[in-house]
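# Turn this into a model:
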Amino acid sequence: MKVACLQENLSKALAVVGRAVATRTTLPVTQNVLLATDQGRLKLSATNLEIAISTWVGGNVHEEGTITIPARLLTDFVNSLPEGHIEIITTPRPLGIQITCGRFEARIHGTDAEEFPPIPSVEVGVGASITQKALRAAIGQVVFAAATEDSRPVLTGVKVEIEGEVATFAAADGFRLAVHTAPLATPASQAVAFIIPARTLREVDRLLADQQEPVQFLVTPQRSQALFRLENVELVTQLVQGTFPNYKQLIPQGFATRTLVSREEFTRATRTASIFARDGSGIVRLQILPQADGGKMVVSARAEELGDNTGEVDVKAEGEEAKIAFNSRYLNDVLGVLTEKEVALETSTPSSPGVLKPVGADNYVHVIMPMFVQW
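Got it, this is the predicted structure:
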């Protein structure tokens, strides 16, 4: 292999595939990056056996070839080079590459490409596309609610249901549920549902930062793998197998009290209370007092040995007087991903789930289980 490309482009490509390089593994070759020529461009691929990322770099291909090189060493060296042209030539003995850039030169030992795990390809299945903005909004409002522990693997993923021109994303960890509905840029060829690892969606979100065109995705007929195709980048992920809880049954259909509150003021009061909640089991108490002119919400927290605090927020409340307590982190998490000016909080009893919705948008609902406290 003999390839010439720009240092800047190679550095960016290594950063993209570096997210899929294995860190702790029983298969050392997965700590490498696969370099290969592909239709006049240099293709870089990496996999940790859960996700595989491939990207392409424009350049001049003088000789075809493939090889795998330790990812961290190659990335650190390329990043240290000045901007300019880089030339990469494979060396037979010892097997590796010689990199030249200006007055800098290095030889890095590698491994035969045949020892590298095959990068999965998804050619057939159910496909659709979604805009960068819609996909980032869905990921941002849902992925944080997925479980981080592997005790129930299906909860570490995000349930995606695609039907017609709409995709619904749902995540739950047993204490909260987030559901976001997003429009598709091109409708799906048929209805499909699958569970995608939350960490995969986080990687997709990072890759979307510079994306302009809609993202294409394809799910295999066996629902075992999914492909995301971006500009010059492809990501293939294993899907989570199992049965996701029927999340629709977890969303309360009625309420005794509905409170409209400024998101900014609610966030400030909650964050202030969280300072005391840190030493009080993370509990933030909400007391809603409907009045003829709207009402108020009292946000409080206490730490037995340190003290307590109380904050008041003007609200528009309808229904009964209400008391409910939430985990401060869960409340801060959802308030942090909402963008609308007003939030609706729907509650029934102190022991029933609370529901948060953005006012002015009907594409998102968030359910939080209450904490049991002495009032």
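# neighbouring contacts of the helix or strand where Lys357 lies?
Per DSSP states H and E: Lys357 is located in strand 354-358. Contact with strand 354-358 is made by 251-252, 255, 263, 324, 326, 334-335, 338-340, 342-347, 364-368, 370, as judged by Cβ atoms under 8 Å, 6 or more residues apart in numbering. In short, each C-beta sits where N, CA and C put it, glycine included.
# What pairs with it, parallel or antiparallel?
Paired neighbours of strand 354-358 in the sheet (DSSP bridges): strand 342-347 (antiparallel), strand 364-368 (antiparallel).
# Identify whichever of the ones you listed lies nearest to Pro221.
strand 364-368 (30.7 Å; Cβ to Cβ).
# Now do the closest one: everything it contacts.
By Cβ under 8 Å, 6+ apart, the list of residues contacting strand 364-368 from outside reads 141, 145, 175-181, 250-252, 326-327, 330-331, 334, 338, 353-358.
# can you tell me the average pLDDT over that strand?
Mean pLDDT, computed over strand 364-368, is 98.
# again, but for stretch 230-238
Here the average pLDDT along stretch 230-238 is 95.
# go on, stretch 127-141?
95.
# Count the neighbours of the residue lying closest to Val204 once chain neighbours are set aside for me.
Nearest residue to Val204 in three dimensions, chain neighbours excluded: Phe228, at 5.5 Å (Cβ to Cβ, 6 or more residues apart in numbering). Applying other Cβ atoms under 10 Å, we find 25 residues neighbouring Phe228.
# So Phe228, which state does it fall into?
Secondary structure for Phe228, judged by DSSP: H, G, I helix; E, B strand; the rest coil, is strand.
# Make CSV from the strands paired with strand 354-358 and add distance to Ser151 to it.
As requested, the strands paired with strand 354-358 are exported to CSV (distance: least, Cβ to Cβ, whole Å):
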stretch, distance to Ser151
strand 342-347, 29
strand 364-368, 20
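# And those: which comes nearest Ala209?
strand 364-368 (22.0 Å).
# Please spell out which residues along the longest strand anywhere in the chain are buried.
The longest strand of the chain (DSSP state E) is strand 307-319. Across strand 307-319, burial judged by 16 or more other Cβ atoms under 10 Å covers Asn309, Gly311, Val313, Val315, Lys316, Ala317, Gly319.
# Go ahead and name everything in contact with the following helix or strand past it.
Of the helices and strands lying after strand 307-319 in sequence (DSSP H and E), the nearest is strand 322-327. Residues outside strand 322-327 that contact it (Cβ under 8 Å, 6+ apart): 175, 256-257, 259, 282-288, 347, 350, 354, 368, 370-373, 375.
# Bridged to the residue lying closest to Val122 once chain neighbours are set aside, which residues?
Closest residue to Val122 apart from its sequence neighbours, by Cβ to Cβ, 6+ apart: Leu227 at 3.7 Å. In this entry, Leu227 is beta-bridged to Leu218, Val236, by DSSP bridges.
# same check, this time on Gly354
Beta-bridge pairing for Gly354 (DSSP bridges): Ile368.
# what's the neighbour count on it?
That count, for Gly354 with other Cβ under 10 Å as the rule, works out to 26.
# ok, now how distant is it from Tyr247?
From Gly354 over to Tyr247 the distance is 16 Å, taken as Cβ to Cβ, to the nearest Å.
# now Ala22
From Ala22 to Tyr247 the distance is 32 Å (Cβ to Cβ).
# One more: Ile119?
33 Å.
# Ok, Glu105 next?
57 Å.
# What of Arg258?
Taking Cβ to Cβ, one finds Arg258 at 22 Å from Tyr247.
# Thr310 too?
34 Å.
# and if you look at Thr200?
From Thr200 to Tyr247 the distance is 19 Å (Cβ to Cβ).
# residues contacting the most centrally placed residue in the chain?
Against the mean C-alpha coordinate of the chain, by Cα atoms, centre = their mean, the closest residue is Arg202 at 2.5 Å. Contact analysis of Arg202 by Cβ under 8 Å, 6+ apart lists Ile139, Val143.
# which SS class is it?
helix.
# Domain parsing of the protein, as residue ranges.
Here the domain parsing of the chain from automatic domain parsing is 2-115, 126-248, 252-368.
# Point out where the chain drops to low pLDDT.
Scanning the chain for pLDDT under 70 picks out nothing.
# longest helix of it?
helix 263-277 (DSSP state H).
# got the contact list for it?
Applying Cβ under 8 Å, 6+ apart, the set of residues contacting helix 263-277 is 282-285, 297, 299-303, 306-309, 311-314, 328-329, 331-332, 335-336, 338, 340-343, 358.
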